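1. mind folding the following:
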Amino acid sequence: MRLTLAALLVPALLATLAGLVVLWPASADVPDRIPVAAEGSTVLRATVTGPIDPETGEVPARLDAGSRAGGDDVGGDAITVGAPPEYVAYGFDEGDRLRVLYLAEAVGAGVSPYVFMDFERGLPIGVLAIAYAVVVLAVARWRGLAALAGLAGAFVVITWFTLPALLTGQNALGVALVTSSLVMFVVLYVAHGFTARTSTALLGTLVGLAITAVLGWWGSGASNITGLTSEESLWIPQYAPSLDIQGVVLCGIVLAGMGVLNDVTITQASAVWELRAVAPLATRRELFARAMRIGRDHIASTVYTIAFAYVGAALPLLMAVYLSDQNLATSLTSGEIAEEVVRTLVGSIGLVLAIPVTTAIAALTVPGTASVASVPVGRVEVPAA
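-> Prediction:
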């Protein structure tokens, strides 16, 4: 069976690499970067130095050393920053770090040429990222380091291939399958090693991704999921005319299923191997049945995870739906809600079907009956002392 695993995974890897070559975007076709600030404007950093004026909406701040605006050195200058009403209501605290936009045309117009863009969040997010890495390394040790390396590799694939390929109009379903397959090859083998157990989980994951892709293709088309439900989806095509917004939705459906599929497939493969260790005389049918009991529990908890993750991310949208004067069925099948419902349902179906597939592959692949004496303990066989 290990040769069978190799016979299935090697062609899958070769097909992935071939797809990577075929779909790789030409650098000349990738749209130019969109400037953050218009000509004559400059993005600067500043620190809040006092309370906001609620009447004018202006925030006192001091520019960072080395700041330049309009060709002049304005580092350390005390300025006032104009903020929109919603941020005035949110409030500013002394010491808050800001990104501000300097508008040269506003100089001499009687208003501050500095406009609030956003809060500077690099430090707190950096601290959280370091804390996350430290916790992972402290608990999982070398396995955690390998997982972080695999995660970094996945982001490299998405940054250098997936995003440019979508922006240049490459086939979105092909991009999704190549990305997810390549990421899973990298992540699983880097994090879990080159073993039959890992290969089993990988094969189950690829089957789940294929199911997700087919269902996503049908579901997004049949449900008329346009992808035109956010501000970004409306203006990005102006800068990337070849972009297929509906294809982006389909690609997102497949990529969203990667992490959860990886979770359940590696768990099921590990469950079968551990069951074999404590029950070396169990038949493959028994191993499959016992591992599926674990899988059913995992299905229930994972379905909750997917649903609650969406609820947490879309809470403002759900409150808007709650306040709208229309029935629930209409709300769940409208616009952005429908897109997320399709994404959740398709991902969940692929996840659920991947569990018995992976369990069956693992039950067939796990080493056979151990040639050791054993004694019965209930219905579990353990090696004799």
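
2. now do the residue nearest to Asp93 when sequence neighbours are not counted, the pLDDT please.
-> Counting by Cβ to Cβ, 6 or more residues apart in numbering, Asp93 lies nearest to Val48, which is 6.7 Å off, once chain neighbours are set aside. C-betas here are computed from N, CA, C, even on glycine. At Val48, the model reports a pLDDT of 93.

3. could you do Ile299 as well?
-> On pLDDT, Ile299 comes in at 84.

4. need phi/psi at it.
-> Ile299 adopts backbone torsions of phi -60, psi -50, taken as degrees, to the nearest 10.

5. okay, and the helix or strand of this protein with the least pLDDT?
-> strand 374-377 (a mean of 45; mean pLDDT, DSSP states H and E).

6. can you list the residue ranges for helices in the stretch 101-250 of the chain?
-> Counting by DSSP state H, counting those that start in this stretch, one finds helices in the stretch 101-250 of the chain at the ranges 122-157, 163-167, 172-192, 196-222, 231-239, 245-278.

7. mind listing what's buried along the fourth one?
-> For helix 196-222, the neighbour count (16 or more other Cβ atoms under 10 Å) marks 196-213, 215-217, 219-220 as buried.

8. cool, the fifth one as well?
-> Within helix 231-239, the residues that count as buried by 16+ other Cβ under 10 Å are Ser233, Ile236.

9. compute the inter-axis angle for it and helix 245-278.
-> Here helix 231-239 runs at an angle of 120 degrees relative to helix 245-278 (axes from the mean of the first three to the mean of the last three Cα atoms, to 10 degrees).

10. and helix 231-239, what does it pack onto?
-> helix 245-278 (3 or more Cβ pairs under 8 Å, 6 or more residues apart in numbering; DSSP states H and E).

11. please state the offset of the helix it packs on from the chain centre?
-> 13 Å (Cα atoms, centre = their mean, to the nearest Å).

12. can I get stretch 251-263 in CSV, CA atoms only?
-> C-alpha atoms of stretch 251-263 as CSV (Å, rounded to 0.1, in the frame of the first residue of the first chain):
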residue,chain,number,x,y,z
CYS,A,251,-10.6,30.2,-5.4
GLY,A,252,-11.4,31.6,-1.9
ILE,A,253,-13.8,28.7,-1.3
VAL,A,254,-11.1,26.1,-2.0
LEU,A,255,-8.4,27.9,-0.1
ALA,A,256,-10.6,28.4,2.9
GLY,A,257,-11.0,24.6,3.2
MET,A,258,-7.2,23.9,3.3
GLY,A,259,-6.6,24.5,7.0
VAL,A,260,-9.6,22.6,8.3
LEU,A,261,-9.0,19.7,5.9
ASN,A,262,-5.4,19.5,7.0
ASP,A,263,-6.5,19.4,10.6
